[in-house]
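Novice: my questions concern the predicted model and sequence given below.
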Amino acid sequence: MSSKERPTLGGTRIKTRKRNIAAPLDPAAFSDAVVQIYLDNAGDLELIAKSIESSDLNFSRYGDTFFEVVFTGGRTQPGTTKPDEGDRHPYSIIDCEPKREVILPSVIYIQKILRRRPFLIKNLENVMRRFLQSLELFEENERKKLAIFTALAFSQKLSGLPPETVLQPLLKDNLVAKGLVLSFMTDFFKEYLIDNSLDDLISILKRGKVEDNLLDFFPPTKRSNEAFSEHFSKEGLVALVEYNEKKIFEVKLKEMKSALTTQITEEADTSEVIETVKLRVRDAKLPDIEVVRILWDVLMDAVQWSGKNQQQNANAALRQVKTWAELLNIFCTSGKLELELMYKVQMQCYEDAKLMKLFPEIVRSLYDQDVLAEDTILHWFRKGTNTKGRQTFVKALEPFVNWLEEAEEEE
């Protein structure tokens, strides 16, 4: 080989990399094909499901279009619910009667499709989110059908459909202000509770992150607890009204407890604390028994307990009782409330090991401070109904009761 010749690799081909050329999107052809399956099977959802299962349609690419056909009978224009060009069928969810027995087969049909093609759940979420955000574009009757479908979808546990994806989009200001969301959710609640418990409904609302703001479904001008109770009572959803009232009650109890804890920890003046309690009671319409329970909890929570020193714990508890006796006295206004306080003391001493032996001393201190009357203590001793630790506490209190009875006989 001449020194000037360059070596070559004979017979070697140099391959050039081919570009990935994606086929153009054609949702119209896909929509027409699905519509034709509906028409060929005259709306029989079982036959339609079988035909779809055996078809070679590209569902991974046109999942949203598929559910548009299921819900509205054909393709919709991008970003709207308006019908687009192309074939349509009359067997859609929007076209059927607003009855659960008519819509349920569509839910079961979709469930079958999702079992075969679980990836389509995201497309179902997309379409439902878009439709619910556009409720004003549907007729009242159509919105009712969507509400029934949504309720049945959750009732049938439709392949992991997440409540947050479905319920959160409803909270658009313009939809709420027009009352469309309240109407939708009312239909949803009524339909869902036919086959499910209130606890099941609350679970969905929690997962949808709307359980704590049910009032947000109401237009701003009607956003009050009174309006909530009135509206859902008229709709026959009394259980939901009772649940909401209980929740409001619990929130106000918590707020009252927090306010009192701050005041007592900071050693505010007794008259100031009494005024706070009175204001909170009026605002929340709290029962007297709940007030007594809260006061005892707050007082004991504010005590700086010692880890092991029983005598220090006893001194701290008795000092707290003496300090706030006036506060307890103001609200323990009857034998029934005094007895409730004794039961509260009993339960706390039973549940807290460091207080177990302090029961008779606390009762004696409450008696000395005129919070508990002699008759109340004797009634608890003889006829008390709370069994938690009762035998132990009765035995521990016996010397004090004997002293009370002897003093009564002398008088």
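Specialist: That came in fine, so what should we check first? Numbers count the residues shown, from 1 in each chain.
Novice: what segments of the stretch 301-411 of the chain are strands?
Specialist: When assigned using DSSP state E, counting those that start in this stretch, the stretch 301-411 of the chain turns out to have no strands.
Novice: any stretches of it with poor pLDDT?
Specialist: 307-308, 408-411 (pLDDT under 70).
Novice: what's the spacing between the one helix or strand residue 28 maps to and its chain's center?
Specialist: Using DSSP states H and E, residue 28 maps to helix 27-40. Chain-centre distance of helix 27-40: 41 Å, with Cα atoms, centre = their mean, to the nearest Å.
Novice: next: stretch 38-55.
Specialist: For stretch 38-55, the distance to the chain centre is 39 Å (Cα atoms, centre = their mean).
Novice: could you tell me the end-to-end distance of it?
Specialist: Stretch 38-55 has an end-to-end distance of 13 Å (Cα to Cα, to the nearest Å).
Novice: repeat for stretch 162-170
Specialist: 14 Å.
Novice: what residues does that stretch touch?
Specialist: Residues outside stretch 162-170 that contact it (Cβ atoms under 8 Å, 6 or more residues apart in numbering): 125, 128-129, 132-133, 135, 150, 154, 176, 181, 184-185, 204-205, 207-210, 217. The way it works is simple: take the backbone N, C-alpha and C, and place the C-beta from them, glycine included.
Novice: and with 10 Å instead?
Specialist: 121-122, 124-126, 128-135, 150, 153-154, 175-176, 180-182, 184-185, 188, 203-211, 216-217 (Cβ atoms under 10 Å, 6 or more residues apart in numbering).
Novice: filter those residues down to the buried ones, PyMOL style.
Specialist: Buried members of the contacts of stretch 162-170, defined by 16 or more other Cβ atoms under 10 Å, are picked up in PyMOL with:
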select buried, resi 121+124+125+128+130+131+132+133+134+135+150+153+154+175+176+180+181+182+184+185+188+204+205+208+210+211+217
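Novice: okay, and which of the contacts of stretch 162-170 map to helices?
Specialist: The helices, defined by DSSP state H, take in 121-122, 124-126, 128-132, 150, 153-154, 175-176, 180-182, 184-185, 188, 203-207 from these.
Novice: tell me the mean pLDDT over the strand or helix carrying residue 114?
Specialist: For residue 114, the element it lies in under DSSP H and E is helix 100-116. Rounded to a whole number, the mean pLDDT of helix 100-116 is 94.
Novice: now it: how far from the chain's centre is it?
Specialist: Chain-centre distance of helix 100-116: 27 Å, with Cα atoms, centre = their mean.
Novice: cool, stretch 347-357 as well?
Specialist: Taking Cα atoms, centre = their mean, one finds the center of stretch 347-357 at 33 Å from the center of the full chain.
Novice: mind listing what's buried along that stretch?
Specialist: Within stretch 347-357, the residues that qualify as buried are 348, 349, 350, 354, 355, 356, counting by 16+ other Cβ under 10 Å.
Novice: contacts only, for the fifth one.
Specialist: Contact analysis of residue 355 by Cβ under 10 Å, 6+ apart lists 300, 303, 305, 310, 313, 314, 317, 345, 348, 349, 361, 362.
Novice: hmm, the second one is touching residue 297, no?
Specialist: This means residue 303. No. In this structure residue 303 lies outside contact range of residue 297 using Cβ atoms under 10 Å: 11.3 Å.
Novice: what is the end-to-end distance of stretch 349-358?
Specialist: 7 Å.
Novice: for stretch 226-242, same thing?
Specialist: Stretch 226-242 end-to-end distance (Cα to Cα) = 12 Å.
Novice: name the residues that touch that stretch?
Specialist: Identification of contacts with stretch 226-242 by Cβ under 10 Å, 6+ apart yields 182, 185-187, 189-190, 193, 197-198, 201-202, 214-215, 217-219, 221-222, 224-225, 243-245, 248.
Novice: and what of stretch 299-315?
Specialist: Taking Cβ under 10 Å, 6+ apart as the rule, stretch 299-315 contacts 257, 260-267, 316-317, 319-321, 323-324, 327-328, 344-345, 348, 352, 354-358, 361-362, 365.
Novice: buried among these? Make that a ChimeraX selection.
Specialist: In ChimeraX, this line selects whichever of the contacts of stretch 299-315 come out buried by 16+ other Cβ under 10 Å:
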select :257,260,261,263,264,316,317,320,321,324,327,328,344,345,348,354,355,356,358,361,362,365
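Novice: among the contacts of stretch 299-315, which lie within helices?
Specialist: Short answer: these in helices (DSSP H) are 257, 260-265, 316-317, 319-321, 323, 327-328, 344-345, 348, 361-362, 365.
Novice: ends of stretch 157-174, what's the gap?
Specialist: 30 Å.
Novice: how close does residue 294 get to residue 65?
Specialist: Noted for residue 294: a distance of 58 Å to residue 65, by Cβ to Cβ, to the nearest Å.
Novice: higher neighbour count, the two?
Specialist: For residue 294 versus residue 65, the count of surrounding residues by other Cβ atoms under 10 Å is larger for residue 65: 27 against 22.
Novice: assumed that one was part of a helix.
Specialist: Yes. The assignment for residue 65 is a helix, going by DSSP: H, G, I helix; E, B strand; the rest coil.
Novice: so for it, what's the pLDDT?
Specialist: For residue 65, the model assigns a pLDDT of 93.
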